[in-house]
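Q: Only the shape, not the letters, is given here:
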DNA sequence: AGTGTAATTCAACATGCGTTGAATTCGCAA
DNA sequence: TTGCGAATTCAACGCATGTTGAATTACACT
């Protein structure tokens, strides 16, 4: 198996597909563009993964398990102990820290792809239940623990707002760069994380009542 | 000019394109699907609007001016008077109330299309500066007025979270329905609006300091 | 060195795409 | 009723698409 730049052709296909799908969506990318970017014949992607949809699936799944497991570990790290609202939110926002710390552009591309899927009515229904929906109920449970007086309706809506703020951040559209005239940067996940935790916590407290 | 169902063929093309583009994105829709949905020959869309991209543009522009003007009016309705943080946020979330009050499915489709554009790195850069970016600076100014001690960096990030929460709401992915087992509904813009105002206000106060 | 299997390329297919120019129909004014 | 321009359809073009089967190369094992 030929190797170039320390990665196999198979992985290079996934890397390129990840980046292109995140930017242009499923239908905005052709098999030939993927093959071109990976410097590979167009038939090779089909050989390894099958149909175009299977390439998309393979990209989606490659980092899904790792991310989910990492998230679960953080959430249960302080199990038994008295968790704070901020700790729970931090656990949920883990992908931001993760992408920032590794510095791997592949992770940033993957998270942008996740944002594309989250915001799409069609792909959200198709992909999110496979992996990511499962853990949400555990987050909601943790939130119920620190927001004893709140109704489920309020908690789920607040979770939805959190999810939206996260999604737009991961998408890295560059709009905040333009609007703020460079004072903020889409690529600056560290700042996004730093302000997002207190923002969301403040929102939850305003809607779901006081916490201990 | 032939009329059916009180709408011209030209408008029917825009209506169908609006719905399809919102669900499947620009590349996920063909001219023939649009023509089929509008019960019209495929060449007619090109005759009226030009290229496929021009159809997309026409759909985007059709309701843009109206929405922007409506927003501006609400923002300056309480000009001079002492505005509250909540009033500013309410003005920004106007599309939610608007879509809910008219009950027009066309508006819901348009707002979903707006969400698609907002979350896409490519389309966001191309479309948002045309109309929607202009008003944002006025919102930021209003926010500065009620958050005197806050840095621009903090205000822009908070605005970004607000924008994200709104975007995911407009997208109507149906995910909150599934996660909450029916307790919340993506289509329920009234509840989304009701909880979003205090959530965002609480977030701003937590990050940008106290308000009067 | 030789053999078998996986990896990769080559060549080509059927199909669907956006777009266009010519032909036809419609709606209204003279 | 005739004429004329706008609206609409018809037919077809050149091209790019996803996919596949056969041919070729690379590689591990004996």
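A: Yep, it's here. Computed from a predicted model, the values in this text were never measured in an experiment.
Q: So which residues make contact with stretch A:78-89?
A: Stretch A:78-89 is contacted from outside by A:75, A:139, A:142-143, A:145-147, A:162, A:196-198, A:200-201, A:204-205, A:211, using Cβ atoms under 8 Å, 6 or more residues apart in numbering or on different chains. Any C-beta I mention is one placed from the backbone N, CA and C, and that applies to glycine too.
Q: Now for those residues: which two are most distant?
A: Maximum pairwise distance among those (Cβ to Cβ): 21.1 Å, between A:145 and A:196.
Q: For those two, work out which one has more neighbours and name it.
A: It is residue A:196, of residue A:145 and residue A:196, that has more neighbours when counted by other Cβ atoms under 10 Å in any protein chain shown, with 27 against 13.
Q: Report the central residue of chain A.
A: The centroid of chain A falls nearest to residue A:111 when counting by Cα atoms, centre = their mean (4.1 Å).
Q: angle of the helix or strand encompassing that residue against helix B:105-119?
A: In the assignment (DSSP states H and E), residue A:111 maps to helix A:105-119. Going by axes from the mean of the first three to the mean of the last three Cα atoms, to 10 degrees, helix A:105-119 is angled at 170 degrees with respect to helix B:105-119.
Q: from the middle of its chain, how far away would helix A:105-119 be?
A: Relative to the centre of its chain, helix A:105-119 is centred 6 Å away, using Cα atoms, centre = their mean, to the nearest Å.
Q: Thought residue A:170 was touching the residue nearest to the centre of chain A, still the case?
A: Yes: contact criterion Cβ atoms under 8 Å: residue A:111 and residue A:170 qualify, at 4.3 Å.
Q: quick one: common contacting residues for these two?
A: A:95-96.
Q: burial measure for residue A:81, as a count.
A: Residue A:81, neighbours per other Cβ under 10 Å, totals 8.
Q: same check, this time on residue A:176
A: Residue A:176: 22 surrounding residues under other Cβ under 10 Å.
Q: What pLDDT does the model give the closest residue to DNA strand C within chain A?
A: Closest residue of chain A to DNA strand C, Cβ to the nearest atom of the strand: residue A:43 (3.1 Å). pLDDT for residue A:43: 98.
Q: how far is the strand or helix carrying it from where the chain is centred?
A: Residue A:43 is part of helix A:42-49, with elements assigned from DSSP H and E. Here helix A:42-49 shows a centroid-to-chain-centroid distance of 26 Å under the convention Cα atoms, centre = their mean.
Q: For the helix or strand following that helix, which helices and strands make contact with it?
A: Following helix A:42-49 in sequence order, the next helix or strand is helix A:52-62 (DSSP H and E). Applying 3 or more Cβ pairs under 8 Å, 6 or more residues apart in numbering or on different chains; DSSP states H and E, one finds that helix A:52-62 contacts helix A:9-24, helix A:31-37, helix A:42-49, helix A:105-119.
Q: And helix A:52-62, what's buried?
A: By neighbour count on 16 or more other Cβ atoms under 10 Å in any protein chain shown, the buried set for helix A:52-62 is A:52, A:55-60, A:62.
Q: Per the annotation, how does chain A divide into domains?
A: What automatic domain parsing lists as the domains of chain A is A:3-60, A:64-208.
Q: Quick check: the gap between residue A:10 and residue A:17.
A: 11 Å (Cβ to Cβ, to the nearest Å).
Q: Among the two, which residue is more densely surrounded?
A: residue A:17 (27 against 17).
Q: Just to check, the more buried one is in contact with residue A:55?
A: Yes: using Cβ under 8 Å, residue A:17 is in contact with residue A:55, at 5.4 Å.
Q: what touches both of those two?
A: By Cβ under 8 Å, 6+ apart, the residues touching both residue A:17 and residue A:55 are A:34, A:45.
Q: where does chain A have low pLDDT?
A: A:1-6, A:80, A:210-212 (pLDDT under 70).
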